Structure formats: C-alpha cells, structure tokens
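Asker: Build me a model from this:
(one chain, ligands or ions: 2)
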Amino acid sequence: MVQFHNRRYSPDDRKLYNLFCVTEYVIRCCFALNNCFYSGFFMLEHKKYIQRTFELARKGMGKVNPNPLVGAVIVKNNTIIGEGYHEQFGGAHAEVNAIKNATESVEGATLYVNLEPCSHTGKTPPCSDLIIRNKLSKVVIAMTDPNPHVSGRGIAKLRNAGIEVVENVLQKEAEDLNRVFIKYITSKTPYIVAKWAMTLDGKIASHVGDSQWVSNEKSRDIVQDLRNEFMGIMVGVNTIIGDDPKLTYRKKNGRSPIRIVMDSKLRIPMDSYVITHREEAETIIVHTTNAPASKKEILKELGVQCIETKPVQEKVDINVVLEKLGERGIDGILLEGGGTLNFSAFQAGVIDEVITFLSPKIIGGKHAKTPVEGGGIHLMKDAIALEYINVTNVDNDLMIRSKVKKEG
Ligand code: AOF
Ligand code: ZN
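Answerer: Ligands and ions are numbered 1, 2, ... in the order given. All right, here's what the predicted structure looks like:
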C-alpha cells in the first residue's frame with residue numbers, strides 16, 4: 001500500500017498515476033517542441049521581411065538626410081501586399097508609403113519596419129496613429145527610434161491599442177544601417193568616417209606622391225557610393241594644394257557631398273577646383289581667427305562659405321566646427337584626410353568609424369605617405385583602440401570597416 005496525502009492507494013492506482021505523469025510529460029514536451037518550431041519559423045520569417053525593409057530603406061540613401069533610412073513591408077497570408085520607404089527629407093514616412101501602396105486592405109496584416117514607427121508630429125503626422133487607424137494586427141520592428149521625441153512612445157501607443165509588437169529583429173544590422181542617424185539625433189553633431197586606401201605596407205602614396213591608384217576600380221566605385229551616402233566630405237588644405245581634387249559624386253542618381261576644407265591659415269589657392277566649381281557642390285572653408293584678413297576678404301567677395309573658430313594650438317577647433325556643421329543639418333562626414341588632419345581628428349576623439357581599403361601591393365619608401373601622421377602617440381598603451389565591424393573582399397582589395405572604441 002502507498003500513501004499519498006493521507007489517503008491510501010492500491011498498487012494499481014500507483015501504476016495509473018505513474019502512467020498519467022509520463023503522459024503529461026510527453027504532452028508538455030510536444031508542446032514545447034511545437035512552440036520552439038513555430039517561434040523559430042516565425043523568427044526566420046521576421047528576419048526575411050526585415051531584411052527586405054533594409055533593402056528598401058537603402059533606396060533613400062543621399063536623399064533623406066538627416067532623417068533615418070527606413071523601409072516598410074506589409075504582409076498578409078504570407079504574401080507581401082505593400083512596400084514603401086522614406087524617399088526624401090520632409091516627405092512621407094516609410095509606413096505611410098507602404099500602406100498607400102498596398103494592393104488590398106491592410107486590416108489584420110503584419111507591418112515590418114526597420115525603425116520604430118513615430119509617435120510625434122514632425123513634418124508629417126504620427127505613423128503609429130496611422131497603423132492603429134488602419135487596424136493592422138501586428139508590427140515587427142528592428143530597432144527603437146533613438147529620437148528623444150519618439151524613443152519607445154511609438155511602441156507603447158501600438159501596444160495600448162492592442163497591436164502585437166515584436167521588437168529587436170536584426171537589431172545590430174538595423175543600428176549599423178542607421179548609425180549616422182543615431183549619432184546625429186542624439187548629439188546634433190555629425191558621424192565621422194575616416195576613409196583611406198593603403199598598400200599592404202601601409203602607404204597611401206609613393207615617396208614622390210603618386211597615388212593613382214592604390215585601390216582597384218571596384219573599391220573606388222564603393223568610395224563614390226560613400227560620397228553619396230554622407231552629406232559632407234572633409235579634407236585638409238594640404239590635400240587641396242597637392243591633388244586639387246574635385247571631391248564630387250560622379251555616378252548617376254546621386255548627389256555630391258558638401259566639401260569641407262580644414263585650412264587654419266587660409267593657404268588654399270584661389271584657383272582650386274573646390275573654389276572655382278561651386279556650381280557642382282557646396283564648399284565650406286574652415287579657418288581660424290588668425291588667418292590673413294586679405295584672404296578672408298577675397299573669399300567673402302567670391303561668396304565662398306567660411307566657418308571661423310578661435311585657434312587651438314594654431315589649428316581650428318574641430319569640436320566647434322562639428323557643432324556648427326551639425327547646426328547646418330550635416331549628419332555625417334566622410335573624412336578623406338590626409339595624414340595630418342586624420343591624426344588631429346583622432347586626437348580630438350571625433351572619429352567614429354574607419355574604412356580602410358587594403359590593396360595587395362608593396363611600394364616601400366621611408367618618406368612615402370601614411371594614412372595617419374601628425375606627431376603620433378608615444379606609448380602603445382595610448383594607441384587608439386578600434387574593433388572590427390566587418391571585412392569584405394572587393395575584387396582582391398580588402399574593405400575593412402572598424403569602429404573606434406569610445407570610453408563610457
Ligand atoms: C518613421 N518612419 O520613415 C521615418 C521616421 O520631420 P518628420 O515628420 O519627417 O519626422 C522625422 C523623424 O521621424 C525622425 O527624426 C525619426 O525619429 C522619425 N523618422 N520615422 O517611423 C520613417 N523617416
Ligand atoms: Zn513616422
């Protein structure tokens with residue numbers, strides 16, 4: 001006889017009880033497996049459609065700054081019934097376009113979007129209200145909106161209205177896509193990417209200054225795309241004096257970045273391409289209050305835009321410059337050096353990311369230029385620390401993206 005809870009049961013009861021326990025366990029396992037299978041399956045579906053929102057969002061590159069890149073997909077009965085993206089600054093948001101483009105009623109459908117739908121009235125009304133009004137039943141989001149006016153409020157609105165919200169699907173990828181927006185909306189200063197092409201022995205030009213070309217054609221084509229992606233391009237005056245570059249975007253369907261020349265003492269030749277061809281792209285010259293008055297006057301007469309700062313060790317105050325560029329709505333800058341400016345920018349701690357094109361060539365030469373020069377650090381413990389984001393093989397050049405580790 002076995003006793004359970006002060007009651008007496010026969011051995012047959014006991015067997016029955018054991019059988020019951022085993023059956024219950026098996027049923028629970030089946031349910032768990034089922035859930036696992038379904039959540040895995042749904043997550044795969046979610047990732048597939050969020051990937052599609054990334055593709056759509058990228059179509060807004062060079063057109064929406066300083067707004068984010070956003071794409072949206074509406075799915076009903078496992079079929080895409082509507083797609084849209086944020087097409088231009090001040091224009092309709094991605095969700096609005098996806099709903100507008102839907103080929104059937106969006107009621108009960110799932111919306112996929114790579115950024116939390118907005119909850120505020122900016123240049124356009126709140127997307128979360130539109131989603132609620134149109135009775136979508138589920139919203140899958142890659143990342144919350146870092147805009148302090150939104151920042152979780154869009155998600156809260158949707159949930160309060162009874163809409164199911166799935167968050168953080170491919171979040172890391174989404175944050176990488178909108179890294180410029182994240183930095184700018186939270187700091188009002190631009191995201192800075194230092195970019196250079198170098199040989200395997202770390203040179204950006206031969207000792208006589210020849211640099212055409214270090215990287216291959218495909219890599220140079222990617223650099224053109226970067227010029228469309230970033231609103232500003234920054235160089236030091238030595239690059240203007242040495243190479244007289246155009247700094248424009250030369251492919252179809254894009255726009256040239258605003259050219260920013262760091263020139264403390266106003267040494268820029270007045271017949272430089274960036275001064276004489278301002279119809280191709282805006283040019284801003286940055287100098288200190290110590291620059292010669294005569295040069296300032298000439299630039300004023302020519303109508304060239306200038307930014308002036310107090311000198312910091314005879315150079316422009318880069319932090320002030322970035323604040324002023326941020327005030328003009330410049331959200332991202334491609335820094336194309338050279339070595340002196342790159343070192344100053346690293347020293348000032350303003351670089352967020354580095355893109356290096358590494359070409360399988362050796363050119364040698366003690367006096368051949370390197371990407372980061374200036375005085376350099378003294379001790380290895382003071383080296384600027386970076387971490388790799390990714391490495392891509394570009395027709396046998398390596399494109400290495402890395403981000404600067406920031407303290408705190
Ligand atoms: C979205 N979907 O497609 C975009 C969003 O001035 P507005 O009205 O264009 O609002 C800009 C802000 O709205 C922007 O800073 C970001 O927070 C959000 N952008 N939101 O849901 C979009 N472009
Ligand atoms: Zn919106």
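
Asker: Can you tell me how far residue 102 is from residue 365?
Answerer: Applying Cβ to Cβ, to the nearest Å, the value for residue 102 to residue 365 is 61 Å. The C-beta positions use only the backbone N, C-alpha and C, and glycine is treated the same way.

Asker: Comparing these two, which residue is more hemmed in?
Answerer: Ranked by neighbour count (other Cβ atoms under 10 Å), residue 102 and residue 365 place residue 102 first, with 18 against 12.

Asker: distance of that one from ligand 1?
Answerer: 16 Å (Cβ to the nearest ligand atom, to the nearest Å).

Asker: And ligand 1, is the longest helix anywhere in the chain touching that?
Answerer: Criterion DSSP state H: the longest helix present in the chain is helix 11-58. No. If you take Cβ under 6 Å from any ligand atom as the test, helix 11-58 misses ligand 1, and the best it gets is 8.3 Å.

Asker: Does that helix pack against any helices or strands, and if so which?
Answerer: Secondary-structure packing of helix 11-58 (3 or more Cβ pairs under 8 Å, 6 or more residues apart in numbering; DSSP states H and E): strand 2-4, strand 71-76, strand 79-85, helix 94-101, strand 110-113, strand 138-141, helix 171-177.

Asker: nearest to residue 50, of these?
Answerer: strand 110-113 (5.7 Å; Cβ to Cβ).

Asker: Contacts for that closest one next, please.
Answerer: The contact list for strand 110-113 (Cβ atoms under 8 Å, 6 or more residues apart in numbering) reads 46, 49-50, 52-53, 70-76, 94-95, 98, 117, 131, 136-142.

Asker: thought residue 287 was touching residue 261?
Answerer: No. Residue 287 is not in contact with residue 261 according to Cβ atoms under 8 Å; the separation is 9.0 Å.

Asker: which stretch of helix or strand covers residue 354?
Answerer: strand 353-359 (DSSP states H and E).

Asker: Give the rounded mean pLDDT of that strand.
Answerer: Strand 353-359 shows a mean pLDDT of 98.

Asker: What lies in contact with it?
Answerer: By Cβ under 8 Å, 6+ apart, strand 353-359 touches 179, 191-200, 214-216, 219, 222-223, 226, 371, 386, 389, 394, 397-404.

Asker: at 6 Å what do you get?
Answerer: Outside strand 353-359, the residues that touch it by Cβ atoms under 6 Å, 6 or more residues apart in numbering are 193-195, 197, 199, 214-215, 219, 397-403.

Asker: Let's see the pLDDT reported for the closest residue to ligand 1 within the stretch 251-400 of the chain.
Answerer: Here the stretch 251-400 of the chain gets closest to ligand 1 at one residue, residue 331, 10.4 Å apart by Cβ to the nearest ligand atom. For residue 331, the pLDDT comes out at 98.

Asker: Residue 21 too?
Answerer: Residue 21 carries a pLDDT value of 71.

Asker: ok, now how distant is it from ligand 2?
Answerer: Computed as Cβ to the ion, to the nearest Å, the residue 21 to ligand 2 distance reads 53 Å.

Asker: and that residue, how many neighbours?
Answerer: Neighbour tally, residue 21, other Cβ under 10 Å: 10.

Asker: Tell me how far it lies from residue 15.
Answerer: 11 Å.

Asker: same deal with residue 244?
Answerer: From residue 244 to residue 15 the distance is 94 Å (Cβ to Cβ).

Asker: now whatever residue of the stretch 1-150 of the chain ends up closest to ligand 1, what's its secondary structure?
Answerer: Closest contact between the stretch 1-150 of the chain and ligand 1, by Cβ to the nearest ligand atom, is at residue 122 (2.7 Å). Here residue 122 is recorded as coil under DSSP: H, G, I helix; E, B strand; the rest coil.

Asker: For it, which non-adjacent residue is closest in space?
Answerer: residue 149 (7.4 Å; Cβ to Cβ, 6 or more residues apart in numbering).

Asker: Same question for residue 163.
Answerer: residue 139 (5.9 Å).

Asker: Restrict the helix or strand where residue 196 lies to CA atoms and write it as CSV.
Answerer: Using DSSP H and E, residue 196 maps to strand 191-199. Output of strand 191-199 as CSV, limited to C-alpha atoms (Å, rounded to 0.1, in the frame of the first residue of the first chain):
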residue,chain,number,x,y,z
TYR,A,191,29.0,60.9,-37.5
ILE,A,192,32.6,60.8,-38.8
VAL,A,193,34.0,58.1,-41.0
ALA,A,194,37.7,58.3,-41.8
LYS,A,195,38.4,56.6,-45.1
TRP,A,196,41.7,55.7,-46.8
ALA,A,197,43.2,53.3,-49.3
MET,A,198,46.6,51.8,-48.5
THR,A,199,49.0,49.2,-49.6
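
Asker: List the neighbouring strands of it plus their orientation.
Answerer: strand 332-335 (parallel), strand 353-359 (parallel) (DSSP bridges).

Asker: Which SSE is immediately downstream of that strand?
Answerer: Downstream of strand 191-199 (by DSSP H and E), the next one is helix 217-229.

Asker: can the strands paired with strand 191-199 go into CSV with extra columns for mean neighbour count and distance to ligand 2?
Answerer: Converted to CSV, the strands paired with strand 191-199 look like this (neighbours: other Cβ atoms under 10 Å; distance: least, Cβ to the ion, whole Å):
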stretch, mean neighbour count, distance to ligand 2
strand 332-335, 26, 21
strand 353-359, 21, 27
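
Asker: what's the span of stretch 261-278 from first residue to last?
Answerer: End-to-end distance of stretch 261-278 (Cα to Cα, to the nearest Å): 13 Å.

Asker: Which positions within stretch 71-82 qualify as buried?
Answerer: Residues of stretch 71-82 classed as buried by neighbour count (16 or more other Cβ atoms under 10 Å): 71-76, 80-82.
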